[in-house]
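> A predicted structure for the sequence below; I have some questions about it.
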Amino acid sequence: MKRLLTTAAALGLTVTLAACGGQADTETAEAPAAAETAAPAGNANMEGMNMAADAKMAKGTGTVTAVSADSITIDHGPIPEANWPAMTMGFKAAPEIAKRVKAGDKVAFDLKLENGAGEVTAIQKQ
């Protein structure tokens, strides 16, 4: 069972790196197998693995059309990582991020994609 979980963790790391544009080398992917005896038993490690495997990162550009305390609506171009065409869409955003922009700003932004939705994790005016 530990071997199966370790293999799943290595696969999740490879998928996450690929989604972020990184490359996974085979030595790094093999490293968790050596550490499997040091991992504590229980569910604590499994929860973290599922989150990493489900979440992907993406980048986009567009024009802000509306801002609230915890969301930003952006008329954005296609976002291939999410398989989204160009559209206007609202995204969750931390208040510190939302207060940096206003309607009409042209922006580049980073998204965390999870469960079919996106959350703006960084934004820069262009």
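Happy to help now that I have it. Residues are numbered from 1 along each chain as shown.

> need the longest strand for this structure.
If you go by DSSP state E, the chain has its longest strand at strand 56-68.

> now the helix or strand following that strand: buried residues?
For strand 56-68, the following helix or strand on the C-terminal side (DSSP states H and E) is strand 71-76. Neighbour counts using 16 or more other C-beta atoms under 10 Å place 71-74, 76 of strand 71-76 among the buried residues. (C-beta placed from N, C-alpha, C; glycine too.)

> output strand 71-76 as CSV, nothing but the C-alphas.
Extracted in CSV, the C-alpha atoms of strand 71-76 (Å, rounded to 0.1, in the frame of the first residue of the first chain):
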residue,chain,number,x,y,z
SER,A,71,-13.5,38.7,-6.7
ILE,A,72,-12.3,40.1,-10.1
THR,A,73,-14.2,39.8,-13.4
ILE,A,74,-11.9,39.7,-16.4
ASP,A,75,-12.6,39.7,-20.1
HIS,A,76,-9.7,37.3,-20.9
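
> ok so, going back, now tell me what touches the longest strand of the chain from outside.
16, 19-20, 72-77, 79-82, 88, 90, 98-99, 101-114, 118, 121, 126 (C-beta atoms under 8 Å, 6 or more residues apart in numbering).

> give me the domain ranges for the chain.
The chain breaks down by automatic domain parsing into domains covering 2-54, 57-125.

> lowest average confidence across the ones you listed, which one?
Per-stretch mean pLDDT for those is lowest at domain 2-54 (a mean of 43).

> could you pull out the strands for the protein?
56-68, 71-76, 87-93, 106-114, 117-125.

> just those strands: most buried one?
strand 71-76 (a mean of 21; mean count of other C-beta atoms under 10 Å).

> paired strands for it, with orientation please.
strand 56-68 (antiparallel), strand 87-93 (antiparallel) (DSSP bridges).

> how near is the spatially closest residue to Ile74 that is not a sequence neighbour to Glu114?
Counting by C-beta to C-beta, 6 or more residues apart in numbering, the nearest residue to Ile74 once its immediate chain neighbours are dropped is Gly62, at 4.4 Å. In this view, Gly62 and Glu114 are 20 Å apart by C-beta to C-beta, to the nearest Å.
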